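Asks: Sequence and computational prediction follow.
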Amino acid sequence: MLVPMNGKIMLVGIGPGQPEMITPQAREAIGRAGVIIGHPDTLALIAMLTQGKELLAVTSNPLERSRLALEKAQTGATAAIVSNGDPGIYAIAATFFGYLKEHNLSADVEVVPGINLALYAAARIGAPLGGDFAAISLTDQCAPWETIQKRITSAAEADFVIALFNPLGRLGPERLKEALAIIGRFRRPNTPAGLLSQAATHNENILITTMAQIETEKLAADTLIIIGNSQTYTLDGRMVTPRPYLPGAGY
């Protein structure tokens, strides 16, 4: 069903939250939008950019944000759905396009990238993503836990650096403990690990430790964990995964 869309929808990533971490493209997109839709906490982070605009705060349901944006576009408005990080990584973009597919809709959509939490964390930790890496979320909202376990096993066995999102949930640290146990079958206990919580706030906390020393019971819910591979090392308080250049090797 094609519903007339005279307006436009922008899916905008605002990065980890600091005003200076919002890209110029994202600022420009927010400036063009007459309607801004997002979680109340996300809208609070960009309050300096949304004065005089219609704000629609939706606490928990990204599908409702998608519906509202389409409703506004049908009236001719330019609506922006804002999300932390990058809209295409564990965020609104895939949900929005899924909503279009499910309802057989078409719309004028622009995806505006932002700085993903893993990239921000990597910069604050050092250079842990210098080689191949995998990003895995421990939440089972998009995949069953059995599938997530297989992905962790495959990434660990292949010696990927692994960025773990959403380490805690309603079950507490139990899944994180299981994930670390799986990775531990393929890693030394002293494999470097970097942890970041409360990103881009005055209370931001960075810890460089080892996989065996991660205290799962003491983690904040928003912690992002980066587990090194077999080559990752620490240098002057930073975590580094090498990117070697081999003589004669290339494209």
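Replies: All right, it came through fine.
Asks: Quick check: which ranges of this protein have low pLDDT?
Replies: 1-5, 248-251 (pLDDT under 70).
Asks: Strands along that one, start to end?
Replies: Secondary structure of the chain, counting by DSSP state E: strands at 8-13, 35-38, 54-57, 78-83, 109-112, 126-127, 133-137, 161-165, 192-197, 205-210, 224-227, 233-235, 238-240.
Asks: Figure out which of those strands is closest to Ala143.
Replies: With Cβ to Cβ as the measure, strand 133-137 is the member of the strands of the chain nearest Ala143 (8.2 Å). From N, CA and C alone the C-beta is placed, and that goes for glycine too.
Asks: Restrict the closest one to CA atoms and write it as PDB.
Replies: In PDB, the C-alpha atoms belonging to strand 133-137 read as follows (Å, rounded to 0.1, in the frame of the first residue of the first chain):
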ATOM      1  CA  PHE A 133      36.600  -7.300  14.800                       C
ATOM      2  CA  ALA A 134      33.000  -8.400  15.500                       C
ATOM      3  CA  ALA A 135      30.300  -6.500  17.300                       C
ATOM      4  CA  ILE A 136      27.800  -8.700  19.200                       C
ATOM      5  CA  SER A 137      24.900  -7.600  21.400                       C
END
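Asks: Which strands or helices does that strand pack on?
Replies: Counting contacts by 3 or more Cβ pairs under 8 Å, 6 or more residues apart in numbering; DSSP states H and E, strand 133-137 packs against helix 145-157, strand 161-165.
Asks: now the angle from the shortest one to helix 145-157?
Replies: It refers to strand 161-165. 150 degrees (axes from the mean of the first three to the mean of the last three Cα atoms, to 10 degrees).
Asks: partners of strand 161-165, with directions?
Replies: strand 133-137 (parallel), strand 224-227 (antiparallel) (DSSP bridges).
Asks: So which of the ones you listed is the most surrounded?
Replies: strand 224-227 (a mean of 26; mean count of other Cβ atoms under 10 Å).
Asks: what comes into contact with that strand?
Replies: 117-118, 121-122, 125, 128-129, 161-165, 167, 176, 180, 183, 187, 191, 193-197, 199, 211, 214, 239 (Cβ atoms under 8 Å, 6 or more residues apart in numbering).
Asks: With stretch 175-188 instead?
Replies: Contacts of stretch 175-188 (Cβ under 8 Å, 6+ apart): 136, 138, 145, 148-149, 152-153, 156-157, 159, 162, 164, 167-169, 211-212, 214, 216, 219, 225, 227-230.
Asks: Of all the strands paired with strand 161-165, which one is nearest Ala29?
Replies: strand 133-137 (24.4 Å).
Asks: What's the separation between Tyr120 and Phe133?
Replies: The gap separating Tyr120 from Phe133 is 14 Å, by Cβ to Cβ, to the nearest Å.
Asks: Repeat that for Gly98.
Replies: 26 Å.
Asks: do the same with Leu49
Replies: 32 Å.
Asks: same deal with Arg32?
Replies: To Phe133, Arg32 is 34 Å away according to Cβ to Cβ.
Asks: For burial, what's the neighbour tally of Thr59?
Replies: Applying other Cβ atoms under 10 Å, we find 8 residues neighbouring Thr59.
Asks: Would you agree it is in contact with His39?
Replies: Yes - applying Cβ atoms under 8 Å as the test, Thr59 and His39 come out as touching, 6.4 Å apart.
Asks: on that earlier part again, from the contacts of stretch 175-188, list the buried ones, please.
Replies: 136, 138, 148-149, 152, 156, 159, 162, 164, 167-168, 211, 214, 216, 219, 225, 227-229 (16 or more other Cβ atoms under 10 Å).
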